[in-house]
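A.B. asks: Give me coordinates for this.
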Amino acid sequence: MGMAYFTGINLDAFRNFTRTAASFHPGCNVFCGKNGAGKTNLLEALYFLSLGKSQRHSPLKDLVMHSKTQFSIKAEYFASGAAHEAAATCSETERSFFLDKNRLPSAADLVGVLPVVSFASEDLLLAAGLPAERRRFMNILLSQSDKIYFLCIRQYNKTLQQRNAYLKNNGSNARYLAVLRDLLVELGGEIRFKQQGLIENLIPQARAALTRISGGEKLDIEHSAAALATAGEHRKRMAEESLQCQARETALKKSLFGPHRDDLRISINGRDVRRFASAGQIRSVSLALKLAGVRYLREKQDSGGILLLDDIFSELDDERSERLLECALPENQVFLALPKCPAFALPQDRAEFNIAAGAIRPLV
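C.D. replies: Numbering: from 1, shown residues only. I've put the predicted structure just below:
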């Protein structure tokens, strides 16, 4: 398929951008500007066109410029050997998405078209935060690369919501609970099996990335669910788990088995990252996982990945920062948002922009 990358963007009433446009480099794009100028907002617009939502979990009303009723994003991109266009027009209550001017049934149809991985300060939670952050990381990667997984996790979450609501309202129909349980087991077995494959793929890539960034630290990642040979074996294990926690579920009024309770155990040199890692190590591990993630997407999609990197060099020394950028650039399009130009050398083949007063201006 070849490399997929953004070639340009037009923004209208998105966040602080009144109306602005920019053309992008297929490799490295560097955006400098003061805090609050809109660097993160630009990355958010690119993410929104790739996954149909904000990586900052912002509601639509926060994305619309103050005093405006809707925003629009239009981006040109190159994929599968041809030029294409993706667009979104959204108000506080409605969303419309388009590919090559054809309206899509839903935002879900965008997922996987432009494989993207984002890193910002909140992504430090990936290595050191709550388990939900690591589950989200797996879900986003797999949803972009595997349509079956995307459909499974969407149906699983919907079924989980139904079951938890029924338990919370003291539902006592054992047959109905069993139907929902069986559906969770069916979907959950597939989800766990695919997550297991993802982690097996990520481990060597994340280890290599961390070794290159840090200069020698060894990374280990382990899924909390047992590694099993088939999705069927995972379903059998989940069915056993569900029977063991029936009484507690009734007491606590929520579902206590399945992938929504899983986690990744991450360690450096045999020591738990969440308990023992420094701020720099946590940042390096989180970045190594993201770099492994974009490589995974590149292999599964047979196309280059897109990396959105927001102020990634804070708490990293110049040597680690330079090695990190070397890891990120090959075969990926990189969007790098910085408060100022770094002390170390950036790639010569790049495009640089200044963001100020709601406009994106190329630097010659």
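A.B. asks: okay, CA-based contacts and neighbour counts for the rest of this
C.D. replies: OK.
A.B. asks: what ranges do the helices span in the stretch 51-200 of the chain?
C.D. replies: With DSSP state H, counting those that start in this stretch applied, the stretch 51-200 of the chain shows helices at 60-63, 125-128, 131-145, 147-168, 174-214, listed in chain order.
A.B. asks: hey, which of those helices is tucked in deepest?
C.D. replies: helix 125-128 (a mean of 23; mean count of other Cα atoms under 10 Å).
A.B. asks: Please state the offset of that helix from the chain centre?
C.D. replies: 13 Å (Cα atoms, centre = their mean, to the nearest Å).
A.B. asks: and what of stretch 283-303?
C.D. replies: With Cα atoms, centre = their mean, you get 10 Å for stretch 283-303.
A.B. asks: Can you mark which positions in it are buried?
C.D. replies: Under the neighbour-count criterion of 16 or more other Cα atoms under 10 Å, stretch 283-303 has 283-298, 301, 303 buried.
A.B. asks: out of the helices of the stretch 51-200 of the chain, nearest to residue 53?
C.D. replies: Judged by Cα to Cα, the one of the helices of the stretch 51-200 of the chain that comes nearest to residue 53 is helix 60-63, at 8.6 Å.
A.B. asks: could you give me the average pLDDT of the closest one?
C.D. replies: Averaging pLDDT along helix 60-63 gives 94.
A.B. asks: Convert that helix to CSV, retaining C-alpha atoms only.
C.D. replies: These are the backbone C-alpha positions of helix 60-63, laid out as CSV (Å, rounded to 0.1, in the frame of the first residue of the first chain):
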residue,chain,number,x,y,z
LEU,A,60,-17.8,18.8,20.8
LYS,A,61,-18.9,22.1,22.3
ASP,A,62,-15.3,22.7,23.5
LEU,A,63,-14.0,22.2,19.9
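A.B. asks: Contacts for it next, please.
C.D. replies: 14-15, 71, 90-93 (Cα atoms under 8 Å, 6 or more residues apart in numbering).
A.B. asks: wait, what's in contact with the closest residue to residue 283 other than its chain neighbours?
C.D. replies: Excluding the flanking residues, the one nearest residue 283 by Cα to Cα, 6 or more residues apart in numbering is residue 124, at 5.8 Å. Residue 124 sits next to 282-283, 286 when contact means Cα under 8 Å, 6+ apart.
A.B. asks: pLDDT below threshold where in the stretch 201-350 of the chain?
C.D. replies: The model of the stretch 201-350 of the chain has pLDDT under 70 over residues 315, 343.
A.B. asks: all helices for it, in order.
C.D. replies: Ranges of helices in the stretch 201-350 of the chain, per DSSP H, counting those that start in this stretch, are 231-244, 246-252, 273-276, 279-301, 318-328.
A.B. asks: Could you provide those in TSV, with additional columns for distance to residue 24?
C.D. replies: Listed next are those as TSV, based on distance: least, Cα to Cα, whole Å:
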stretch	distance to residue 24
helix 231-244	42
helix 246-252	52
helix 273-276	37
helix 279-301	19
helix 318-328	17
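A.B. asks: Nearest to residue 170, out of those?
C.D. replies: helix 246-252 (7.8 Å).
A.B. asks: so what does the closest one touch, helix or strand wise?
C.D. replies: Secondary-structure packing of helix 246-252 (3 or more Cα pairs under 8 Å, 6 or more residues apart in numbering; DSSP states H and E): no helix or strand packs against it.
A.B. asks: hmm, 10 Å instead?
C.D. replies: helix 147-168 (3 or more Cα pairs under 10 Å, 6 or more residues apart in numbering; DSSP states H and E).
A.B. asks: Return the list of helices and strands in contact with the helix it packs on.
C.D. replies: Partner elements for helix 147-168 (3+ Cα pairs under 10 Å, 6+ apart): helix 131-145, helix 174-214, helix 246-252.
A.B. asks: Return the set of buried residues in the last one.
C.D. replies: To tie it back to what came earlier, the one meant is helix 246-252. 249-250.
A.B. asks: about what we covered before: which one of the helices of the stretch 51-200 of the chain lies closest to residue 277?
C.D. replies: Using Cα to Cα, the helices of the stretch 51-200 of the chain put helix 125-128 closest to residue 277, at 8.7 Å.
A.B. asks: average pLDDT across the closest one?
C.D. replies: Average pLDDT, helix 125-128: 92.
A.B. asks: One more: stretch 90-98?
C.D. replies: In this model, stretch 90-98 has a mean pLDDT of 94.
A.B. asks: any weak-confidence spans in the stretch 1-150 of the chain?
C.D. replies: Short version for the stretch 1-150 of the chain, where the test is pLDDT under 70: 1-2.
A.B. asks: Now do the strands for it: every range, in order, please.
C.D. replies: Taking DSSP state E, counting those that start in this stretch as the criterion, the stretch 1-150 of the chain carries its strands at 5-14, 17-23, 28-32, 70-79, 82-91, 95-99, 102-103, 116-119.
A.B. asks: can you redo those as JSON lines with distance to residue 356?
C.D. replies: Converted to JSON lines, those look like this (distance: least, Cα to Cα, whole Å):
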{"stretch": "strand 5-14", "distance to residue 356": "14"}
{"stretch": "strand 17-23", "distance to residue 356": "10"}
{"stretch": "strand 28-32", "distance to residue 356": "9"}
{"stretch": "strand 70-79", "distance to residue 356": "18"}
{"stretch": "strand 82-91", "distance to residue 356": "23"}
{"stretch": "strand 95-99", "distance to residue 356": "28"}
{"stretch": "strand 102-103", "distance to residue 356": "32"}
{"stretch": "strand 116-119", "distance to residue 356": "22"}
